[in-house]
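Chemist: Sequence and predicted model, in that order:
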Amino acid sequence: MTVIEFMDQIAPGADAEAVHILRTAMEHQGVSFHTSTKVTKIKPTKPALVLACDGGFAGEIAADAVIQAVGRRSNGPQVKPEMAGVAMDDRGIIGIDASCRTSAAHIFAIGDVTGLCCTNRVRTKVPLSPDRLIPWLQ
């Protein structure tokens, strides 16, 4: 999986130490990141989607699928969480418990899809330490 982020860090506006912990954990899981990068074009080809990128990473990336996450309203229906066994209400909000766990016990969610639209509200409503948010670090 590759994350392309337009801003200079993933989870812009979040605490820098928490972002470092999150990024490191995700990189250990095989996720790669390109920050300060924008996708300028997506070209469908027979074997893959080809993303043209500019900025921190300039070049092309081949992908099987693309998930775009922008904005401040839940885009839950567009990411089709039910395909992963994650329940969503009629407003497109993914329900979470106090640990940000969804209805699929191994999947966690934060941000817009949970109805908590900004980082400060997430921090206030769901106070978490990184070890609770990322249980495989324990």
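Modeler: Thanks, I have the structure now. Residues are numbered from 1 along each chain as shown.
Chemist: start to end distance for stretch 5-25?
Modeler: 17 Å (Cα to Cα, to the nearest Å).
Chemist: Stretch 53-64 now?
Modeler: End-to-end for stretch 53-64, by Cα to Cα: 16 Å.
Chemist: List the buried residues in it.
Modeler: For stretch 53-64, burial by neighbour count (16 or more other Cβ atoms under 10 Å) applies to C53, G55, F57, I61. All C-beta spots, glycine's among them, are computed from the backbone N, C-alpha and C.
Chemist: Just say helix, strand or coil for the first one.
Modeler: On the three-state scheme (DSSP: H, G, I helix; E, B strand; the rest coil), C53 is labelled strand.
Chemist: Tell me what it is bridged to.
Modeler: V39, G59 (DSSP bridges).
Chemist: so it sits right up against A62, yeah?
Modeler: No. Contact criterion Cβ atoms under 8 Å: C53 and A62 do not qualify, at 11.6 Å.
Chemist: just to revisit the earlier point, would you point out the most distant pair within the buried residues of stretch 53-64?
Modeler: Spatial extent of those (Cβ to Cβ) is set by the pair G55 and I61 at 12.7 Å.
Chemist: and of the buried residues of stretch 53-64, the nearest to I94?
Modeler: I61 (26.9 Å).
Chemist: so who does M26 touch?
Modeler: V3, F33 (Cβ atoms under 8 Å, 6 or more residues apart in numbering).
Chemist: That one and V3, how far apart?
Modeler: Taking Cβ to Cβ, to the nearest Å as the measure, M26 falls 8 Å from V3.
Chemist: Mutual contacts of those two, please.
Modeler: Common neighbours of M26 and V3 (Cβ under 8 Å, 6+ apart) are F33.
Chemist: dump the residue contacts of V86.
Modeler: So V86 contacts I94, T102, S103, A104, I107, A109 (Cβ under 8 Å, 6+ apart).
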